[in-house]
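[1] I would like to see how this sequence folds:
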Amino acid sequence: MEGCKMRRFIEMFTELAWQRWLLAIFLSACVHLSVWAFKTPERHAPKRKKFRVVKFRLVRPRPRKVKKRPKPKRKKPVRRRPKPRKRKKKFKKRKRKRRRPPPPRRRRVIPPPNRRPRKPPPRNAPPPRPIFGVTMSSLAKGKGTKVAVRVGNTLMKDPDKKIVDPSKVRPYYAPRRVEPPPRRRDVFRPVPVYEVDENPRELRKARAVYPAEAKRRGIQARVVLSVQIRKSGRVRFAKVISVRPSTAKGFGFGKAAVAALRRFRFHPARYKGKPVDVVVRYIYRFELED
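    Coordinates of the predicted model:
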C-alpha cells in the first residue's frame, strides 16, 4: 500500500512539475517579446567630421620699384585783363493802358410792317364763309397784262359755281379756340389727428354694395381704410389698408367700401375753433342681415 501511494505522489509531482515548467517558459517568452517590442532604439554616437589639413606659409611680396616723377615746371603767371563788368539794364515800368469800355451796341430798329395788322374779329361775330379765290391783298394796281382771276378768301377748297362780288368777300380766318378755364389747384394740408381738438363726425352715410359672390357664400368682412377728409366735410381720397378676415380677400370688399366712403359726408375736424383737413382711419363692416 505504501508503495502505491508513493508512486501516485511521484506521478502527481512529475505532472505538476511539467506544467510549471511549461508555464514558466511561456511567461519568459512573453516578457522577452514585450521587452523586444518596446525597447528604445540605440543612440549611436555622432560621427566626427573629418577635417582637411591645409598647410600654407606667408610670403612677403617683393617691393616694387617706384619711378620718381619729374617735378612739374612752374609756368609763368599770365596776366589777364579783367573782364568788363556788365551793367544791369534798368527796365522802365510800362504803364498799363486803361481798357476802354466797348461802345454800346446799337439796337436794331425793326421797320414797321408794310401791311396793317388785321383787327381781331369780334367774339360774337359768326365765322366768315370760305369763298374760293385770290385775296385782294395779293393783287397789285397798275398797267400790265390783264388776267381774269377770281377774288375770294381761300384756295383750300373746290371752286364755287357762282362768282361772288369782291366787295362782299370777307377775310377768312380759322375758328377761334376757346380755352377752358384754369383748373383749381387742389390744396390739402392735413393736421395730425393727435393735435385736433374735435374729431370728424359722420353726417351722412352711404350703404356699400355687398359683393354677390361673398353674399352667396355667406362671408362677412371688416375693411380698414385711410380716409382724407377736407375741411368742407367731403372725402378727398380713401385707401384700403387691410381686409379681415383673410378668407374675405379677393371678393371686392375693398372697392365697395371705397366707393361708399366717397359718398359720405362728415362734420369736419376742428383745430383752435377752425375746420381743418385731416387723415383718419375708418372701419367699414360688411354684415349679412338675418
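[2] What segments of the stretch 101-250 of the chain are strands?
    Ranges of strands within the stretch 101-250 of the chain are 201-204, 221-229, 235-244, based on DSSP state E, counting those that start in this stretch.
[3] residue ranges for the helices of the chain, please.
    Along the chain, counting by DSSP state H, helices occupy 2-37, 212-217, 253-261.
[4] Just give me the lowest mean pLDDT stretch among these.
    Mean pLDDT per stretch puts helix 2-37 lowest among these, at a mean of 71.
[5] before we move on, back to that, looking at the strands of the stretch 101-250 of the chain, which is closest to residue 274?
    With CB to CB as the criterion, residue 274 lies closest to strand 221-229 of the strands of the stretch 101-250 of the chain, at 14.5 Å. For the C-beta atoms, the positions are set from N, CA and C on the backbone; glycine is no exception.
[6] Quick check, pLDDT for residue 83.
    78.
[7] and it, how many neighbours does it have?
    6 (other CB atoms under 10 Å).
[8] One more: residue 260?
    For residue 260, the neighbour count with other CB under 10 Å is 19.
[9] just checking, residue 278 touches residue 191?
    Yes: counting by CB atoms under 8 Å, residue 191 is a contact partner of residue 278 at 5.8 Å.
[10] For those two, work out which one has more neighbours and name it.
    Using other CB under 10 Å, the more surrounded residue of residue 278 and residue 191 is residue 278, with 23 against 18.
[11] any low-confidence regions in the stretch 151-290 of the chain?
    173-176, 290 (pLDDT under 70).
[12] Repeat that for the stretch 1-150 of the chain.
    1-19, 39-45, 91, 113-118, 120-123, 139-146.
[13] again, only this time at 80
    Within the stretch 1-150 of the chain, the stretches with pLDDT under 80 are 1-24, 35-51, 56, 64-99, 106-129, 131-132, 134-150.
[14] So in terms of bridging, what pairs with residue 201?
    Following DSSP bridges, residue 201 is listed with bridge partners residue 267.
[15] ok, for residue 156, nearest residue in space, not its chain neighbours?
    residue 130 (7.8 Å; CB to CB, 6 or more residues apart in numbering).
[16] That neighbour: how many residues sit nearby?
    So residue 130, with other CB under 10 Å, has 14 neighbours.
[17] In contact with it, which residues are there?
    By CB atoms under 8 Å, 6 or more residues apart in numbering, residue 130 lies in contact with 152-154, 156-157, 172.
[18] What remains of the residues you listed if I keep only buried residues?
    152-153, 172 (16 or more other CB atoms under 10 Å).
[19] now those as TSV including distance to residue 23?
    Converted to TSV, those look like this (distance: CB to CB, whole Å):
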residue	distance to residue 23
152	152
153	149
172	146
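[20] thinking again about what came up before, how close does the residue nearest to residue 156 sit to residue 148?
    21 Å (CB to CB, to the nearest Å).
[21] what do you get for residue 208?
    77 Å.
[22] Of these two, which one has the most company?
    Each of residue 208 and residue 148 had its neighbours counted (other CB under 10 Å), and the higher figure belongs to residue 208 (19 against 4).
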